[in-house]
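Structure for this input, please:
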Amino acid sequence: MEIIAMPFIFIYHVVHYILLSPKRILNYAYSGVLAVIDKLSRGKVSKKKAEKEKENSAILEVESMMNATKEASSQKINISKEPEFSFRYKIRGSNGKIINGTFEGPSADEVKIFLQNEGYEVLEVVPRKFYDIDVNIGEKFKAADLSFSLTQLSTYLKAGIALIDSVRILEKQSEKPEQRKVYQKVVYELLKGENLSTAMERQGDKFPVLLVNMIKTAELTGDLTSVLDDMADYYTSKEETRKQMISAMTYPIIVLCIAIGVIIFILVSIVPKFIDMYKDNDADIPAITTFVMDASNFVVNNYIFIIMGVVIFIGLFIYLYKKNRSFRKNIQLVLMHIPVFSQIIIYNEVYNFTKTFASLLNHGVFITDSMEVLAKITNNEIYKELIAKTIINLNKGANISESFKGHWAFPIAAYEMIVTGEKTGQLGLMMEKVANYYQVLHKTIVKQMQSFIEPLMIAFLALIVGTILLSIVVPMFDIYGKIQ
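You can find the predicted model right below:
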């Protein structure tokens with residue numbers, strides 16, 4: 001029956017996907033492919049291997065029942081070396097709420113044991129079908145999420161709560177299913193005896209490279225709470241900077257969208273009516289009116305191609321910017337040479353570079369390792385080249401400042417502070433001062449840009465709409481003169 005129902009199930013899901021957003025479609029397609037591969041790989045498991053897995057699972061269940069009275073934090077799951085499969089579970093939380101989700105493990109029994117140890121009432125754990133799509137694939141943790149989570153984790157650790165129990169609390173209080181799933185996997189890795197940095201690193205790109213490396217360093221020095229506090233402050237600062245940029249660009253974007261909408265409405269709805277009137281009255285059409293009329297005809301007759309062209313252009317631009325390093329570098333070079341915008345980008349990059357560099361140095365990370373981390377967290381190709389040059393110079397025995405000397409994308413003041421830090425042996429302290437200085441500069445110039453761009457956008461809107469209206473009104477004087 002399952003084989004007969006498959007085509008109908010497939011058609012249902014295809015129709016369902018078409019009605020969903022493109023982002024979710026891509027997520028579903030990705031997880032669907034993984035599920036199919038997972039299904040095929042499971043089919044290849046021999047009967048002997050399956051029996052062995054069942055036997056191991058039974059042993060694990062007995063061991064779990066024997067240790068049921070122990071603290072959850074002291075329990076260790078004996079993870080077999082079998083490949084992990086994907087399972088769908090239905091559990092009931094302590095508040096009585098039913099939670100559905102997916103989890104990867106060697107067997108259904110082991111997943112069940114893990115969920116029971118986490119304090120859930122397990123209602124069902126079954127292998128996922130190939131058409132069972134997980135919508136909670138998971139996204140990268142944003143700066144705001146990291147700032148809150150790291151502050152909470154540090155507070156729990158300072159209160160004497162064990163690390164694994166602290167992460168459990170983060171899992172329980174997570175409102176986003178994709179984040180809860182990531183925390184579950186972190187707890188799962190911790191139960192296997194892994195360090196926190198290793199557990200986070202195994203979640204792919206969910207956690208930033210910088211955070212993983214900082215926690216790895218903290219585990220060596222034994223100062224985890226201090227690092228968590230510093231990183232919470234770091235991501236709080238990044239989130240404030242991001243919100244400032246969004247706030248500064250929101251008004252201009254809204255005005256620009258309104259301007260485009262008004263222009264399209266006038267060209268499509270109003271101008272054609274006047275064109276017919278001018279033709280009926282044999283009016284003399286000036287050049288500006290002819291231009292507007294031609295633009296109106298073009299938009300009306302080719303709006304489908306215009307929309308398709310805009311969508312294709314934006315999609316191609318985004319794809320090339322993300323995938324093509326040369327294209328991304330050229331775009332960044334252009335933006336970094338536009339007045340005002342260049343300062344905003346440079347100040348923000350210098351702030352991120354020096355702030356991160358200071359955090360790494362102050363927590364005992366070697367300079368060469370710090371540079372490798374910095375190269376991974378920046379998306380600006382110009383600064384990536386600067387950092388790569390710095391690593392080469394360090395391997396040759398040269399100073400860090402040699403790479404930044406006289407470079408147009410690195411301000412002189414920041415360069416001099418690096419030189420001072422190298423001479424005094426307080427490079428980390430100097431980088432903190434540079435970061436604070438350029439953070440203030442960045443905030444100031446963003447506010448200035450916001451104050452400057454608002455009247456500029458209003459003037460732009462008035463100019464465009466006024467030009468179109470003027471082109472409509474001018475021929476009317478000719479018609480009025482003929483009537484007289």
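
got the domain boundaries for the protein?
Following automatic domain parsing, one gets these domains for the chain: 2-127, 143-237, 261-484.

Which of those sits closest to residue 247?
Nearest to residue 247, of all those, is domain 261-484, at 7.4 Å by Cβ to Cβ. All C-beta spots, glycine's among them, are computed from the backbone N, C-alpha and C.

Can you tell me which of the domains of the chain is most buried?
Each of those was scored by mean neighbour count; the highest is domain 143-237, a mean of 18, by mean count of other Cβ atoms under 10 Å.

Tell me how confident the model is about that domain, as a mean pLDDT.
Taken as a whole, domain 143-237 has an average pLDDT of 90.

Stretch 271-288 now?
What stretch 271-288 shows for mean pLDDT is 78.

just stretch 407-427 next, same as before
Stretch 407-427 comes out at a mean pLDDT of 93.

so which strand or helix has residue 416?
helix 412-424 (DSSP states H and E).

could you say what helices and strands the longest helix belonging to the chain packs with?
The longest helix of the chain (DSSP state H) is helix 427-483. Contacts defined by 3 or more Cβ pairs under 8 Å, 6 or more residues apart in numbering; DSSP states H and E place helix 427-483 against helix 224-265, helix 271-280, helix 287-323, helix 341-362, helix 412-424.

Helix or strand next in line after the helix or strand in which residue 109 is found, which one?
Secondary structure assignment for residue 109, by DSSP H and E: helix 108-117. Counting by DSSP H and E, the next helix or strand C-terminal to helix 108-117 is strand 121-127.

Show me the residue sitting in the middle of this protein in space.
Nearest to the geometric centre of the chain sits residue 140, at 5.5 Å (Cα atoms, centre = their mean).

Surely it touches residue 205?
Yes: at 6.0 Å, residue 140 counts as touching residue 205 under the criterion of Cβ atoms under 8 Å.

before we move on, which element is residue 99 in?
Counting by DSSP H and E, the element that carries residue 99 is strand 98-105.

distance between the ends of stretch 171-179?
Length of stretch 171-179, first residue to last, Cα to Cα, to the nearest Å: 8 Å.

chain center to it: distance?
17 Å (Cα atoms, centre = their mean, to the nearest Å).

can you put the helices and strands packed on helix 427-483 in JSON lines and add distance to residue 368?
Listed next are the helices and strands packed on helix 427-483 as JSON lines, based on distance: least, Cβ to Cβ, whole Å:
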{"stretch": "helix 224-265", "distance to residue 368": "20"}
{"stretch": "helix 271-280", "distance to residue 368": "64"}
{"stretch": "helix 287-323", "distance to residue 368": "28"}
{"stretch": "helix 341-362", "distance to residue 368": "11"}
{"stretch": "helix 412-424", "distance to residue 368": "15"}
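
closest to residue 115 out of those?
Among the helices and strands packed on helix 427-483, if distance is taken as Cβ to Cβ, the winner is helix 224-265, at 27.1 Å.

Packing partners of that closest one?
Helices and strands touching helix 224-265, by 3+ Cβ pairs under 8 Å, 6+ apart, are helix 143-158, helix 209-221, helix 341-362, helix 427-483.

These: lowest mean pLDDT?
Across the helices and strands packed on helix 224-265, helix 427-483 has the smallest mean pLDDT, namely a mean of 84.

Distance-wise, check the closest residue to residue 185 other than its chain neighbours relative to residue 187.
Spatial nearest neighbour of residue 185, chain neighbours left out: residue 203 (6.0 Å); criterion: Cβ to Cβ, 6 or more residues apart in numbering. Distance, residue 203 to residue 187, using Cβ to Cβ, to the nearest Å: 11 Å.

quick revisit: need the domains of the chain in TSV with distance to residue 245, can you?
Below are these laid out as TSV (distance: least, Cβ to Cβ, whole Å):
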stretch	distance to residue 245
domain 2-127	22
domain 143-237	12
domain 261-484	6
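
Ok, which of those domains comes nearest residue 253?
Closest approach to residue 253 among the domains of the chain (Cβ to Cβ): domain 261-484, 9.2 Å.

Show me what the helix holding residue 416 is packed against.
If contacts are counted by 3+ Cβ pairs under 8 Å, 6+ apart, helix 412-424 sits against helix 401-404, helix 427-483.

Next, the angle from that helix to helix 427-483.
Per axes from the mean of the first three to the mean of the last three Cα atoms, to 10 degrees, the angle that helix 412-424 makes with helix 427-483 is 180 degrees.

which residue packs closest to residue 248, ignoring adjacent ones?
That would be residue 450: by Cβ to Cβ, 6+ apart, it lies 4.3 Å from residue 248.

The one you found and residue 250 touch, don't they?
No: checked against Cβ under 8 Å, the pair residue 450 and residue 250 is beyond contact range at 9.3 Å.

Nearest to residue 281, out of the helices and strands packed on helix 224-265?
helix 427-483 (4.8 Å).

check contacts around residue 441.
343, 347 (Cβ atoms under 8 Å, 6 or more residues apart in numbering).
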